[in-house]
Each structure stands twice: as C-alpha cells, then as structure tokens.
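Trainee: Any chance you could fold what I've pasted below:
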Amino acid sequence: MQNENNVENNKVLIEKKSNSWLQRLKDESWEAELLVSAIAIFGTFQLFKVISWSTNQFIDFLPQEQYLVAYFIVFMGLLAVSILVSMFVIHFLLRAYWIGLVGLNSVFPDYSLQDSAYSEVYTKRILAILPKLKDSIQKIDDLCSVIFSAAFAILLTYSYLAITATLYLLLYNFLIIFIPYTLALVPIICLIFLLFFQTFFNIIANLKNYKQNEKIQIWYFEIVKITSIVTLGPLYKYLLQITMTFASNFKRNKSLIRFVILFLLSGVFVASYQVTNTNIFYLIKQDHYFDSTKTYAGYYKNENEKIEFLLSPEIESDIITTRIVKLFIPIFEYERKLRGNDCPSIEKNNKLSRKELNLACYHQYHEVYINDTKYTPSFKKYYHPRTNQFGILAYINVSGIKEGENYIQVKKVYKEKEQNFEWNIPFQYLNDK
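Mentor: As a prediction, this is how the structure comes out:
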C-alpha cells in the first residue's frame, strides 16, 4: 500500500515539474518568438522569388489550356506567402510594443493620480478611456502567441495543396499520352464533388435547427474527415488541431480570433502589390500582353534588364541607328511538343537531322513582318544570355525602310490551335549614314 502511495506521489511530482517547465517555457517564449520573427521576415520575403520562378516555369512548360489551373496554384501561393509576411511583420511590431509595455510596467506598475502632471479632473477622465497596462500586456502577449500558429497553418495548407496539384498536373500530362483525357480527370472530378458535399453539409449542419441533430452532425464529421485526409494528406490532423483550437474557443475570446482574421486579411493587400512583380496575370490575361496599341519594356533589351523571363520577342532598342536589327524570339517548352501537329510534312523528311528538323519547323510557324511586308529571316537557335531562355535568333536588314516610326511584327501561327500570338514592336529608325 505504501509503495502504491509512493508511486502516486512520484507521478504527481513529475506532473508538477512538467507543468512548471511548460509554464516557464510559455513565459519565456517571447524571446524565441522575437528572434524567429526577425529571421522569418527576411526569409519569407525570399519566397516571393520562388512564386515568381514557379509562375515562369508553368508558363514555359504547360500548354495554354492548363494555365488557369496554374494560375490558382501560384496565386494562392502568393496569397499564402503574403499573409505569412504580413503576419510576421505585425508580430514583430506587436512584440516590440509588448516589450516596451513590460519595461514601462516594471518602472510604473500602474497609472498614478497623485503624481500626474495634469489636473485631477483631466487625469481621471483620460484614464477612464485607457486600458490597464497589465490588461494590454496580457492581450498583446496572447495575440502574439497565436499569430505564428495561424500563419504557419495557412502556409502548410497551401504548400501541401500546391505540391499535390503540381504533381497531378505533371501526372496528367504524362497520362493523356496513353489514356483519354476524361479518364485522367477522374481524380479532380471526385475531389470537386467531395468539396461540394462538404460545403453543402457545412451549411446544413450549422443551421440552428440541425446543430443538435446527431445523424447530420455525424455525417458532417465523416465528410470533413474524408475531405481533410484527401486535401491535406498526412498533415490533416495537425492542421485540424490548429483550426479546431481557434474554432472551439471562439466564444471564449472572440476579439482575439477576430484580430487574427483581420491580420490574415492584411496579406491580401501585400499580395495585391507583389502580384505586379510577377507574370501571374499572364496565366489568365494573355490578350493584355498582345495589345498592338501599347509598347512594352520587354520588347527592348536596353529597357528590360530587370525582367527575368521574357514573354515576348526582343530587339536591341526602341531607337535603331544601324542597318541590322537583332531579333530574339523565345520558344516555350510546350511549343516543342507541338511540332508533330504544326510541322507534319517536315517531320517526315528523312533527309534532315533532328536538329535541322526542329529549326525547319520553327521557320514554318514563325512569321516576321516589317511594316506589313513579310520578311523571311534565317533563324538560328539561341539561348538568351540573361534569362537563359531557349529561342531563335534572326538578323533583320532594315536599311531599305524609311526614317522615323516603324515596327516589326512577329507571329506564331499554329495549325492545331485557335489562338495565335502576334506582337507589334515599334521602333524609331535613324539612318546612320
């Protein structure tokens, strides 16, 4: 009996030590939070480069009919990274403010009426509208402590969804070579139906009349569980743990959770600014990049030094003083897969080598015009020295054109595609004679 009591006492002591260690860790966690936050602000800003690079890779490798899927992947990624950045910045500022309040509270534990520099009437009235120092310290500490969990939950959710969606796109493009594309779409169709049912049950199960209906709530639980496993994979328990911690404590501290939601929305403003530094809009608004009434910096080598991925042909400058114009036309990776459809006669020519076949095909579906007059250049394969993009290079003789405003028109004319590309590149020609 005495041994049992000793064992029980030992368990209690161990539990107390564990609790005291955990409490001490919570009390001192602000130091680690501040350090991680400062490092993370720098690190997460680098993730914008990853989003930009991913966007360019999708543009390069995916066929145009899949651009919409790619858009949702990279835009949600941009939103997740933007939320993470804004949350880290907000956390850093709040924690710095919290440190200031803690230091102030250690010197002046509370407001003082007797020692005030102002009148008693004014001091009483102003103090009546101000929160207590200890209350502010506690609320800011709580808010800082939950920001990390919310931000990382969003990042982990997106990361898994983005990786899964990208792998599915790769698998889809591989499978459609061997099976009908409708069969390859079965997984995504099933997922859409699953998400539809979850949305439907979410509305029904949270209606006042059905919140106590056991059968509906059990069905709701099972659908959410299945959907979470499918969409979040091995991370579903950990991400649900975070979201349910917020949801199950919503009524206890509504203001705290509302603040977190407000901070999450701040990421939208960061995303709206950062999206202009990427080519994300190209995935859904390609026509915007082929407006013949506009001139783009990407057309000219001397103006596009900061552009990391060319979406259009390029000449040296918008002012030409030489008789030869150097023209570079980028060729995306997905274009190489179109050769069989766009160049069937050339592909059957057994007299040409593979490299010669490819170059002959590029000649066939690329057209160059100078002031509406067709020009037949001799193309050479070329890798752009700055962007490292593959393309074709041509040297165009413009000595016969008039001085002043002129333009070079480049067309990609596909036989098997409804949408062809066309760029009008204006330039001023000044005779150097």
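Trainee: Got phi/psi on Ile315?
Mentor: The phi/psi pair for Ile315 (degrees, to the nearest 10) reads phi -120, psi 170.
Trainee: Run a quick neighbour tally on the closest residue to Asn105 other than its chain neighbours.
Mentor: Of all residues not flanking Asn105 in the chain, Leu133 sits nearest, at 4.9 Å (Cβ to Cβ, 6 or more residues apart in numbering). From N, CA and C alone the C-beta is placed, and that goes for glycine too. Per other Cβ atoms under 10 Å, the neighbour tally for Leu133 reads 16.
Trainee: Tell me who's in contact with Leu133.
Mentor: 101, 104-105, 108-111 (Cβ atoms under 8 Å, 6 or more residues apart in numbering).
Trainee: what do you get for Phe421?
Mentor: 290, 411-412 are the contacts of Phe421 under Cβ under 8 Å, 6+ apart.
Trainee: Mind putting the contacts of Leu133 into a markdown table with pLDDT and secondary structure?
Mentor: Shown next, in a markdown table, are the contacts of Leu133 (pLDDT from 0 to 100; DSSP: H, G, I helix; E, B strand; the rest coil):
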| residue | pLDDT | secondary structure |
| --- | --- | --- |
| Leu101 | 82 | helix |
| Leu104 | 80 | helix |
| Asn105 | 79 | helix |
| Phe108 | 80 | coil |
| Pro109 | 74 | coil |
| Asp110 | 76 | coil |
| Tyr111 | 78 | coil |
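Trainee: In TSV, list those residues along with neighbour count and distance to Gln64.
Mentor: TSV is the format used below for the contacts of Leu133 (neighbours: other Cβ atoms under 10 Å; distance: Cβ to Cβ, whole Å):
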residue	neighbour count	distance to Gln64
Leu101	15	55
Leu104	12	60
Asn105	15	61
Phe108	11	65
Pro109	10	67
Asp110	10	66
Tyr111	14	65
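Trainee: Point out where the stretch 251-400 of the chain drops to low pLDDT.
Mentor: 338-354 (pLDDT under 70).
Trainee: thought Ile176 was touching Ala184?
Mentor: Yes. Under the criterion of Cβ atoms under 8 Å, Ile176 makes contact with Ala184 at 5.4 Å.
Trainee: more crowded one of those two?
Mentor: Ranked by neighbour count (other Cβ under 10 Å), Ile176 and Ala184 place Ala184 first, with 18 against 14.
Trainee: Find me the pLDDT at the more buried one, would you?
Mentor: What the model reports as pLDDT for Ala184 is 80.
Trainee: repeat for Leu78
Mentor: 90.
Trainee: so how far is Val69 from it?
Mentor: Distance, Leu78 to Val69, by Cβ to Cβ, to the nearest Å: 15 Å.
Trainee: repeat for Leu156
Mentor: Taking Cβ to Cβ, one finds Leu156 at 21 Å from Val69.
Trainee: Same question for Asn279.
Mentor: 16 Å.
Trainee: Repeat that for Leu79.
Mentor: For Leu79, the distance to Val69 - Cβ to Cβ - is 16 Å.
Trainee: between the two, who's got more neighbours?
Mentor: Leu79 (21 against 17).
Trainee: Name the SS class of the more buried one, please.
Mentor: helix (DSSP: H, G, I helix; E, B strand; the rest coil).
Trainee: And Leu207, by the same measure?
Mentor: Applying three-state DSSP: Leu207 is coil.
Trainee: ok, now Asp115?
Mentor: Quick answer, by three-state DSSP: Asp115 is coil.
Trainee: Give me the phi and psi angles of it.
Mentor: When read as degrees, to the nearest 10, the backbone of Asp115 gives phi -100, psi 10.
Trainee: Look up the closest residue to Asn371, ignoring the ones flanking it.
Mentor: Asn406 (5.6 Å).
Trainee: What residues sit buried inside the strand or helix carrying that neighbour?
Mentor: Using DSSP states H and E, Asn406 maps to strand 404-412. Residues 406, 408-410, 412 are the ones in strand 404-412 that count as buried (16 or more other Cβ atoms under 10 Å).
Trainee: what's the answer for stretch 262-276, then?
Mentor: Under 16+ other Cβ under 10 Å, the buried positions of stretch 262-276 are 263-264, 266-267, 270-271, 274-275.
Trainee: Kindly indicate which of those lies nearest Phe201.
Mentor: Checking the buried residues of stretch 262-276 against Phe201 with Cβ to Cβ, the nearest one is Leu264 at 24.6 Å.
Trainee: so what secondary structure elements neighbour the helix or strand where the closest one lies?
Mentor: Element membership for Leu264 (DSSP H and E) is helix 254-274. Contacts defined by 3 or more Cβ pairs under 8 Å, 6 or more residues apart in numbering; DSSP states H and E place helix 254-274 against helix 67-107, helix 133-175.
Trainee: May I see the buried residues of the next helix or strand after the longest one?
Mentor: This points to helix 133-175. Next in sequence after helix 133-175, counting helices and strands by DSSP H and E, comes helix 181-184. Across helix 181-184, burial judged by 16+ other Cβ under 10 Å covers Ala184.
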